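Enquirer: Sequence first, predicted coordinates after that:
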Amino acid sequence: MVVGSLRRESFNRRVAQAAIEFAPPSLEFHFTEIADLPLYNEDLERATVPEAWTRFRADIKTADAILFVTPEYNRSVPGGLKNAVDVGSRPYLSNVWNDKPAAIISVSTGAIGAFGANHHLRQALTFVNAAVMPQPEAYIGGAKDLFGADGKIANEGTRKFLERFTNAFGAWIERVRVRAP
């Protein structure tokens with residue numbers, strides 16, 4: 001799982017943790033952190049590849065699928081998340097996103113649930129040949145009012161939606177997973 005917000009207590013991380021809670025038992029999640037990734041610079045591929053890039057690429061490569069949870073910054077994805085997509089797609093012919101099943105949940109405090117970020121990320125992932133789940137789409141708005149005093153999602157409709165979404169993601173993974181010969 002890749003969370004686009006770098007804040008430790010972000011609404012996006014909390015929704016990601018809730019998605020894990022409501023996911024079917026067949027799905028196992030691991031957070032792959034992006035905060036320590038240096039900005040992509042091809043010159044670094046020719047010198048000493050940053051350890052953070054190597055770790056990130058290995059995490060993504062070995063994952064069966066990737067669930068992205070992202071906020072929206074200026075009608076797009078946060079720069080750190082776009083950088084992670086770029087780091088994973090390089091060097092040329094070593095794209096770790098290739099044929100990787102993926103899904104996106106976008107989360108915001110606003111009413112439209114980070115629609116712009118969701119679609120910008122979908123566009124970038126489609127270009128790097130990730131197999132992005134087309135339906136259901138997940139735009140979660142009003143994030144500041146989703147959580148109870150215990151930090152868990154209090155809204156029953158959101159809880160049920162996350163359960164349906166993660167079940168659909170599990171089915172998507174099985175449908176599109178590239179099997180090694």
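Expert: Yep, it's here. This structure is a prediction, so every number in the text was calculated from the model and none was measured.
Enquirer: So for the lowest-mean-pLDDT helix or strand in the chain, what gets flagged as buried?
Expert: When the helices and strands of the chain are scored by mean pLDDT, DSSP states H and E, helix 42-46 comes last with a mean of 92. Neighbour counts over helix 42-46 (16 or more other C-beta atoms under 10 Å) mark no residue as buried. Bear in mind the C-beta positions are built from the backbone N, C-alpha and C, glycine included.
Enquirer: For it, which outside residues touch it?
Expert: The contact list for helix 42-46, computed with C-beta atoms under 8 Å, 6 or more residues apart in numbering, reads 38, 50, 53, 90, 91.
Enquirer: Closest one of these to residue 142?
Expert: Nearest to residue 142 among the contacts of helix 42-46: residue 38, at 34.6 Å, using C-beta to C-beta.
Enquirer: Name all residues that make contact with that closest one.
Expert: Per C-beta under 8 Å, 6+ apart, neighbours of residue 38: 44, 50, 52, 53.
Enquirer: Report the buried members of the residues you listed.
Expert: Using 16+ other C-beta under 10 Å as the burial test, those include 50, 53 as buried.
Enquirer: Could you identify the most distant pair in the contacts of residue 38?
Expert: Distance extremes for those: the farthest pair is 44 and 52 at 10.6 Å, using C-beta to C-beta.
Enquirer: returning to that earlier point: what distance separates the least confident helix or strand of the chain from the middle of the whole chain?
Expert: Centre-to-centre, helix 42-46 and its host chain are 25 Å apart (C-alpha atoms, centre = their mean, to the nearest Å).
Enquirer: in the chain, which residue is closest to the centre?
Expert: Closest to where the C-alpha atoms of the chain average out (C-alpha atoms, centre = their mean) is residue 68, at 1.1 Å.
Enquirer: Specify the beta-bridge partners of that one.
Expert: Under DSSP bridges, the beta-bridge partners of residue 68 are residue 2, residue 104.
Enquirer: I'd assumed residue 101 was in contact with it.
Expert: No. The criterion here is C-beta atoms under 8 Å, and residue 68 misses it with residue 101 at 11.6 Å.
Enquirer: Could you pull out the buried residues of the helix of greatest length in the chain?
Expert: Determined from DSSP state H, the single longest helix within the chain is helix 156-176. For helix 156-176, a neighbour-count test (16+ other C-beta under 10 Å) marks 158-159, 161-163, 165-167, 169-170, 172-173, 176 as buried.
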